[in-house]
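>>> Got a predicted structure here, sequence first:
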Amino acid sequence: MTEITATIETLRDLVRAVKQDPPAELGADSDMVDTLGLSSVDVMELIGLVEDTWDIAFPLNDLASIRTLRQLAARVIEIRANA
């Protein structure tokens, strides 16, 4: 399993922890707001879980350009590599 795949799988688990009734298919390229139905509060909770899970500080300014789990996973990997 590649690092990006493993990170996406963990993010799927975190979305399930945040979202009461997540869609059955949490596709890596699904839009977190439009497709997965995450509210702004859900996204902030997800970012908190991301920070706790990987012990990182996630720059909130990055959220404007991140729409999918794949993009979020790539940014998590990048932050961890530069830590």
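Ah, there it is.
>>> got the residue ranges for the helices in the protein?
Secondary structure of the chain by DSSP state H: the helices cover 3-18, 40-54, 69-81.
>>> CA atoms only for the second one, dumped as CSV, please.
C-alpha atoms of helix 40-54 as CSV (Å, rounded to 0.1, in the frame of the first residue of the first chain):
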residue,chain,number,x,y,z
SER,A,40,-17.8,23.9,7.7
VAL,A,41,-18.0,22.6,11.3
ASP,A,42,-17.4,19.1,10.1
VAL,A,43,-14.4,20.2,8.1
MET,A,44,-12.9,21.9,11.1
GLU,A,45,-13.6,18.8,13.2
LEU,A,46,-11.9,16.7,10.5
ILE,A,47,-8.9,19.0,10.5
GLY,A,48,-8.6,18.6,14.3
LEU,A,49,-8.7,14.9,14.0
VAL,A,50,-6.0,15.1,11.2
GLU,A,51,-3.8,17.1,13.4
ASP,A,52,-4.2,14.7,16.3
THR,A,53,-3.8,11.6,14.2
TRP,A,54,-0.6,12.7,12.5
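>>> May I see the buried residues of that helix?
42, 43, 45, 46, 47, 49, 50 (16 or more other CB atoms under 10 Å). C-betas here are computed from N, CA, C, even on glycine.
>>> which of these lies closest to residue 24?
residue 42 (17.4 Å; CB to CB).
>>> So that closest one is in contact with residue 19, correct?
Yes: if you go by CB atoms under 8 Å, residue 42 and residue 19 touch, sitting 6.1 Å apart.
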